[in-house]
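[1] the following comprises the amino acid sequence and a computationally predicted model.
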Amino acid sequence: MVYPLKTFGLFLVTAVAEIGGCYLVYMWLRLGKSVTLLLPAGIVLAIFAVLLTLHPMPAGRTYAAYGGVYVASAMCWLWFIEGIKPDLWDITGASVAVLGMLIIAFAPHGS
């Protein structure tokens, strides 16, 4: 049970780094905040890229599985950071994405 929890936890931290870094750029471009946000955005996005390399799966499978966690994390970000509660369609879509992530990450792939 440790492997799935560790994998999901690492995906979650990775998603927060990606969404956070991108949101800093969004704040600068769309919300008129200071250009100085680009420096921390670049640092956080570099951390995101490094975090993706920590998974034991091949890169393509890691990126595909990570996508499901990213979608669900983005819906949480929408709700808790932006204050917009996800609707039924958001939750349904995120659930489908997470199901895909579980299949990709934990199926008994052949070597």
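    That came through, no problem. Numbering: from 1, shown residues only.
[2] show me what stretch 14-32 is in contact with.
    For stretch 14-32, the surrounding residues in contact (CB atoms under 8 Å, 6 or more residues apart in numbering) are 33-35, 37-38, 40-45, 47-48, 51-52, 66, 69-70, 73-74, 77, 81. Placement of C-beta: from N, CA and C, glycine included.
[3] swap in stretch 79-88?
    23, 75, 78, 94.
[4] please identify the buried residues of it?
    Going by neighbour count (16 or more other CB atoms under 10 Å), the buried part of stretch 79-88 is P86.
[5] could you shift the numbering so residue one becomes 7, and keep it that way?
    Got it, the first residue is 7 from now on, which makes the last one we talked about stretch 85-94.
[6] mean confidence (pLDDT) on that stretch, please.
    Averaging pLDDT along stretch 85-94 gives 97.
[7] now find how far off-centre that stretch is within its chain.
    Per CA atoms, centre = their mean, to the nearest Å, the displacement of stretch 85-94 from the mean C-alpha position of its chain is 16 Å.
[8] repeat for stretch 23-41
    16 Å.
[9] check stretch 79-97 too.
    Put simply, stretch 79-97 sits 13 Å off its chain's centre (CA atoms, centre = their mean).
[10] what about dumping the CA coordinates of it to PDB?
    Extracted C-alpha coordinates of stretch 79-97, given in PDB (Å, rounded to 0.1, in the frame of the first residue of the first chain):
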ATOM      1  CA  SER A  79      -5.800  19.100  -8.400                       C
ATOM      2  CA  ALA A  80      -6.900  21.900 -10.800                       C
ATOM      3  CA  MET A  81     -10.500  21.400  -9.700                       C
ATOM      4  CA  CYS A  82      -9.400  21.700  -6.100                       C
ATOM      5  CA  TRP A  83      -7.400  24.800  -6.900                       C
ATOM      6  CA  LEU A  84     -10.500  26.300  -8.600                       C
ATOM      7  CA  TRP A  85     -12.500  25.700  -5.500                       C
ATOM      8  CA  PHE A  86     -10.100  26.500  -2.700                       C
ATOM      9  CA  ILE A  87      -7.900  29.200  -4.300                       C
ATOM     10  CA  GLU A  88     -10.200  30.900  -6.800                       C
ATOM     11  CA  GLY A  89     -13.400  30.400  -4.700                       C
ATOM     12  CA  ILE A  90     -15.400  28.700  -7.500                       C
ATOM     13  CA  LYS A  91     -17.100  25.500  -6.500                       C
ATOM     14  CA  PRO A  92     -16.700  22.800  -9.200                       C
ATOM     15  CA  ASP A  93     -20.000  21.700 -10.700                       C
ATOM     16  CA  LEU A  94     -21.200  18.100 -11.400                       C
ATOM     17  CA  TRP A  95     -19.500  18.100 -14.800                       C
ATOM     18  CA  ASP A  96     -16.200  19.300 -13.300                       C
ATOM     19  CA  ILE A  97     -16.300  16.500 -10.700                       C
END
